[in-house]
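> Need coordinates for the following:
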Amino acid sequence: MKQKLSIKSFGLASALTAGIIYIVCAALSWINPDLLVSFGNYLTHSIDLAKIARTSIDPASTLIGFIVIIVFAYLAGALFAWLYNK
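Numbers count the residues shown, from 1 in each chain. Here you go, the predicted structure:
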């Protein structure tokens with residue numbers, strides 16, 4: 001019999017992980033935005049992110065983005081655990 005995942009715990013773990021990654025990314029974009037744009041260019045292959053990168057960081061949009069990412073990550077993690085348990 002396979003072990004079941006806790007839907008709530010897996011959702012919370014996913015949200016926490018995504019939240020930490022988001023905070024690190026936001027801090028990097030505040031400390032050294034050029035480095036983050038360069039790294040993003042490696043991931044997007046042929047898209048020049050420097051042309052669309054924002055030059056200033058708005059704390060309100062950062063907070064809203066943080067909330068959205070943790071909610072989406074919680075829902076994705078909970079959905080994954082629910083599907084795994086089926």
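> can you give me the helices in the chain?
Using DSSP state H, the helices of the chain run over residues 7-31, 33-44, 59-85.
> Identify whichever of the ones you listed lies nearest to Ala53.
Set against Ala53 and scored by CB to CB, the helices of the chain come closest in helix 33-44, at 4.9 Å. Placement of C-beta: from N, CA and C, glycine included.
> So for that closest one, could I get the coordinates as CSV, restricted to C-alpha?
This file holds the C-alpha atoms of helix 33-44, laid out as CSV (Å, rounded to 0.1, in the frame of the first residue of the first chain):
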residue,chain,number,x,y,z
PRO,A,33,19.3,43.9,-11.1
ASP,A,34,21.7,43.5,-14.0
LEU,A,35,22.9,40.1,-12.6
LEU,A,36,19.3,38.9,-12.4
VAL,A,37,18.6,40.0,-16.0
SER,A,38,21.7,38.3,-17.2
PHE,A,39,20.7,35.1,-15.5
GLY,A,40,17.2,35.4,-16.9
ASN,A,41,18.6,35.8,-20.4
TYR,A,42,20.4,32.4,-20.0
LEU,A,43,17.0,30.8,-19.2
THR,A,44,15.1,32.4,-22.0
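> Show me what it is packed up against.
Secondary-structure packing of helix 33-44 (3 or more CB pairs under 8 Å, 6 or more residues apart in numbering; DSSP states H and E): helix 7-31.
> Next, the buried residues of the helix it packs on.
Neighbour-count burial for helix 7-31, with 16 or more other CB atoms under 10 Å as criterion, is recorded at 7, 10-15, 18-19, 22, 26, 29.
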